[in-house]
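> give the three-dimensional model of this entry:
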Amino acid sequence: VQLQASGGGLVQPGGSLRLSCAVSGFSLDDYAIAWFRQVPGKEREGVACIGNGYVKTRYVDSVKGRFTISRDNAKNTLYLQMNSLKLEDTALYYCTRDRAGYFTGTYDYWGQGTEVTVSS
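Below you'll find the model as predicted:
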């Protein structure tokens with residue numbers, strides 16, 4: 001099982017980025033998948049998740065209306081479209097696999113992270 005995040009970079013406030021997470025070793029549509037982020041010295045924070053249960057997507061309040069999580073099951077790739085980026089969105093972003101198709105909040109595999117820097 002592998003998760004490979006990419007798409008990070010330097011962007012100005014108000015700009016956009018799209019993160020990708022290519023997965024292998026399992027079928028993306030069998031599991032709930034999430035994006036987390038972490039800033040040095042702070043705890044890792046769940047940003048968004050997508051699953052197969054009654055509730056399909058969830059977002060942390062700070063990104064609602066700005067970020068969109070989606071997946072292409074045929075390409076086995078997860079995405080995070082980030083719009084209206086703010087300075088506080090600067091972090092290392094990780095994709096991770098939940099242990100089931102619905103949200104359990106328990107994650108068993110993590111990608112290596114992609115850096116997002118929002119700066120003017």
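> please count neighbours and contacts with C-alpha atoms only from this point.
Fine.
> ok, now which ones touch R97?
With contact taken as CA atoms under 8 Å, 6 or more residues apart in numbering, R97 is in contact with Y31, A32, I33, A34, Y107, D108, Y109, W110.
> at the geometric centre of the chain, which residue sits there?
The chain has W35 as the residue nearest its centroid, 2.4 Å off, counting by CA atoms, centre = their mean.
> how about that one: what's its closest non-neighbour residue?
Of all residues not flanking W35 in the chain, C95 sits nearest, at 4.5 Å (CA to CA, 6 or more residues apart in numbering).
> so where do the helices sit in this structure?
For the chain, applying DSSP state H gives no helices.
> ok, now how distant is N73 from Y102?
Here N73 is placed at a distance of 16 Å from Y102 (CA to CA, to the nearest Å).
> looking only at neighbour counts, state which of these two leads.
Ranked by neighbour count (other CA atoms under 10 Å), N73 and Y102 place Y102 first, with 19 against 13.
> residues near the closest residue to the more buried one other than its chain neighbours, how many?
By the measure of CA to CA, 6+ apart, the closest residue to Y102 outside its immediate chain neighbours is G53, 4.7 Å from it. For G53, the tally of surrounding residues (other CA under 10 Å) stands at 13.
> name all residues that make contact with G53.
G53 touches G101, Y102, F103, counting by CA under 8 Å, 6+ apart.
> and the contacts of R97, which are buried?
Y31, A32, I33, A34, Y107, W110 (16 or more other CA atoms under 10 Å).
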